[in-house]
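Colleague: how would this look folded up:
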Amino acid sequence: GIHDQVGGGFHRYSVDEKWLVPHFEKMLYDNASLAYLYLNAFRITKNEKYKKTVEKTLDYLSKEMISNEGGVYAAQDADSEGVEGKFFVWDKEEIEKILNSEEADKIIKYFNVTHEGNFEGKNILNKSKDIPSQDELLVETALSKLYEVRSKRIAPNTDRKIITSWNSLAIKVFAKASVIFENKNYLNTAIKATENILKNNTLNGKIQRVSYEGNPSEIHGMLEDYSFFIQSLIELNESTGNNKWIDYAIEYTDQMINEFWSEEDKMFYDSGISSTDTLVRASTSQDNITASGISVACEVLIKLSKILNEKRYEKIVDNQIESASAEITKFPAAHCNWAKLLGENTYNDQLVLAGKDLNEFITISNSTYNPNLVFGFNNDDNEYFINKGKKMINGKPTAYICKNYTCKEPLNSIENLSTNLIDL
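Modeller: Predicted coordinates for the structure are as follows:
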């Protein structure tokens, strides 16, 4: 029930122990984060069910949540016409009227539809088990018909703010899904949302918290706005091989350090030095609904330190982890995102792809789940420490797999690259 079976995407949370009745509001950060989670599950298991969940969620965002400027809206309300859930629920008789008899029978059977309903006399469509493969196409066609009818109802209001950190979560998953699923529309969405932040969510060269209808607010960006956006820029680089996204990431990383890092206190603060109206500058290491801005800041600094061999970034991370260590040790369950920063092999594996036509190599490299892998690209544009001296060999796209900058024999074949990535 928490998953919108007709329109895709996820409602905010469930109000019962069966996960049947949701609070019908839809939040961007929930949908972007869950889509990324299911995408990683697909990369690990290759289970088509997870792939379809990602696609339905991203297609929902694409159809209903994209602004004219390319940004992604913040949320959709739970109620319409003053009634919570009215837009999303169904009468059995209504379904039978919209669909042909075979379609209606399958929807009623697979989505637990009754005359009495399961929510205030109406039905929240919900699945108790997977739909048999022979009925999948018929069910998808029927759900599309229901979506078309539902789209003519009075819809819940949409919160049209473009929040930088939440948009960055969406950019991440659209970019990564675009290369794994080879879907150019997803990539275009990611790039347009990024360009919108660069144009409309910046003011005087600095990131702002939010924009509305193409106009940046005067609210300065928080640490999470910077760190999440930098993370999305790195993801765009990994998904496209275009090093301009790394240049942007470096630019905003240096801004982030200047705004939020205290060399005296050896920690990041949630608000920057430009936020002069802040009474108390908090420093929040604990994750909340999303990862803490500090943990993501450390994550991107480690990745960029490997790309650039930038020891200053490494030192900042070491100091921040030391400052947060007591809190992490005391409440480990509240610091889940920090776990990836505290292992022995944190981003010590590097993959450099060299050449002009790298699309197949990029797809294979992203399709394998290697969370500690740092990407570099040498396509004769920008040189960084990670790609220095790593050239195309035999006139073919070439892959260099390295650990702490010590590389194996370069690879020219997709098959060899895939095997070596699985073995990491």
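
Colleague: so where do the helices sit in the stretch 301-424 of the chain?
Modeller: 311-330, 359-367, 414-422 (DSSP state H, counting those that start in this stretch).

Colleague: Out of those helices, flag the one nearest Glu259.
Modeller: Nearest to Glu259, of all the helices of the stretch 301-424 of the chain, is helix 311-330, at 13.2 Å by C-beta to C-beta. C-beta here means a position set from N, CA and C on the backbone, and glycine is covered the same way.

Colleague: CA atoms of the closest one as PDB?
Modeller: Extracted in PDB, the C-alpha atoms of helix 311-330 (Å, rounded to 0.1, in the frame of the first residue of the first chain):
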ATOM      1  CA  LYS A 311      46.200  15.200   1.100                       C
ATOM      2  CA  ARG A 312      44.400  18.300   2.500                       C
ATOM      3  CA  TYR A 313      41.000  16.600   1.900                       C
ATOM      4  CA  GLU A 314      42.200  13.500   3.600                       C
ATOM      5  CA  LYS A 315      43.400  15.400   6.600                       C
ATOM      6  CA  ILE A 316      40.000  17.200   6.900                       C
ATOM      7  CA  VAL A 317      38.200  13.800   6.900                       C
ATOM      8  CA  ASP A 318      40.600  12.300   9.500                       C
ATOM      9  CA  ASN A 319      40.000  15.300  11.800                       C
ATOM     10  CA  GLN A 320      36.200  15.200  11.300                       C
ATOM     11  CA  ILE A 321      36.000  11.500  12.100                       C
ATOM     12  CA  GLU A 322      38.100  12.000  15.200                       C
ATOM     13  CA  SER A 323      35.800  14.800  16.300                       C
ATOM     14  CA  ALA A 324      32.700  12.700  15.700                       C
ATOM     15  CA  SER A 325      34.100   9.300  16.900                       C
ATOM     16  CA  ALA A 326      32.600   9.500  20.400                       C
ATOM     17  CA  GLU A 327      29.200  10.300  19.100                       C
ATOM     18  CA  ILE A 328      29.500   7.500  16.400                       C
ATOM     19  CA  THR A 329      30.600   5.000  19.000                       C
ATOM     20  CA  LYS A 330      27.800   6.000  21.400                       C
END
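
Colleague: Could you give me the buried positions within that helix?
Modeller: Judged by neighbour count using 16 or more other C-beta atoms under 10 Å, the buried positions of helix 311-330 are Tyr313, Ile316, Val317, Asn319, Gln320, Ile321, Ser323, Ala324, Glu327, Ile328.

Colleague: which outside residues touch that helix?
Modeller: Here helix 311-330 makes contact (C-beta atoms under 8 Å, 6 or more residues apart in numbering) with 253, 257, 261, 265-268, 285-286, 294, 297-298, 301-302, 304-305, 335, 338, 341-342.

Colleague: picking up where we left off before, can you tell which of the helices of the stretch 301-424 of the chain is closest to Gln5?
Modeller: Once the helices of the stretch 301-424 of the chain are compared by C-beta to C-beta, helix 359-367 is nearest, at 27.6 Å.

Colleague: and that closest one, what's its mean pLDDT?
Modeller: Across helix 359-367, pLDDT averages out at 96.

Colleague: Taking their axis directions, it and helix 414-422 sit at what angle?
Modeller: Put simply, helix 359-367 runs at 20 degrees to helix 414-422, going by axes from the mean of the first three to the mean of the last three C-alpha atoms, to 10 degrees.

Colleague: what's helix 359-367 packed up against?
Modeller: Here helix 359-367 touches helix 164-180, helix 223-240, strand 349-354, helix 414-422, going by 3 or more C-beta pairs under 8 Å, 6 or more residues apart in numbering; DSSP states H and E.

Colleague: what residues are up against Leu411?
Modeller: Counted by C-beta under 8 Å, 6+ apart, Leu411 has contacts Thr398, Ala399, Tyr400, Ile401, Leu417, Asn420.

Colleague: list the buried ones in stretch 80-88?
Modeller: Applying a neighbour-count criterion of 16+ other C-beta under 10 Å, one finds Ser80, Glu84, Gly85, Lys86, Phe87, Phe88 buried in stretch 80-88.

Colleague: now stretch 173-189
Modeller: Going by neighbour count (16+ other C-beta under 10 Å), the buried part of stretch 173-189 is Val173, Phe174, Ala175, Lys176, Ala177, Ser178, Val179, Ile180, Phe181, Tyr186, Leu187, Thr189.

Colleague: First-to-last residue distance for it?
Modeller: 10 Å (C-alpha to C-alpha, to the nearest Å).

Colleague: Contacts for it, please.
Modeller: 32, 35-36, 39, 42-43, 51, 54-55, 58, 61-62, 66, 70, 190, 193, 232, 235-236, 238-240, 362-363, 366-367.

Colleague: Please compute how far the helix or strand containing Glu94 lies from its chain's middle.
Modeller: Here Glu94, judged by DSSP states H and E, is contained in helix 92-98. Chain-centre distance of helix 92-98: 36 Å, with C-alpha atoms, centre = their mean, to the nearest Å.

Colleague: Please apply the same query to stretch 316-336.
Modeller: How far stretch 316-336 lies from its chain's middle: 24 Å, per C-alpha atoms, centre = their mean.

Colleague: what's the neighbour count on Lys92?
Modeller: Neighbours of Lys92 under the rule other C-beta atoms under 10 Å: 17.

Colleague: scratch that, Asn288 is what I was asking about
Modeller: What Asn288 shows, counting by other C-beta under 10 Å, is a neighbour count of 10.

Colleague: Phi and psi next, for it.
Modeller: Note on Asn288: backbone dihedrals following degrees, to the nearest 10 are phi -120, psi -130.

Colleague: next one: Leu20
Modeller: Torsion angles, degrees, to the nearest 10, at Leu20: phi -90, psi -50.

Colleague: Tell me the predicted confidence for the closest residue to it other than its chain neighbours.
Modeller: Using C-beta to C-beta, 6 or more residues apart in numbering and skipping the chain neighbours, the partner closest in space to Leu20 is Gly1 (4.0 Å). Per-residue pLDDT puts Gly1 at 86.

Colleague: by contact count, what packs against the helix holding Glu94?
Modeller: For helix 92-98, the packing partners by 3+ C-beta pairs under 8 Å, 6+ apart come out as helix 101-110, helix 136-150.

Colleague: and those as CSV, adding mean pLDDT, mean neighbour count and distance to Asn126?
Modeller: Converted to CSV, those look like this (pLDDT from 0 to 100; neighbours: other C-beta atoms under 10 Å; distance: least, C-beta to C-beta, whole Å):
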stretch, mean pLDDT, mean neighbour count, distance to Asn126
helix 101-110, 97, 17, 10
helix 136-150, 97, 16, 13
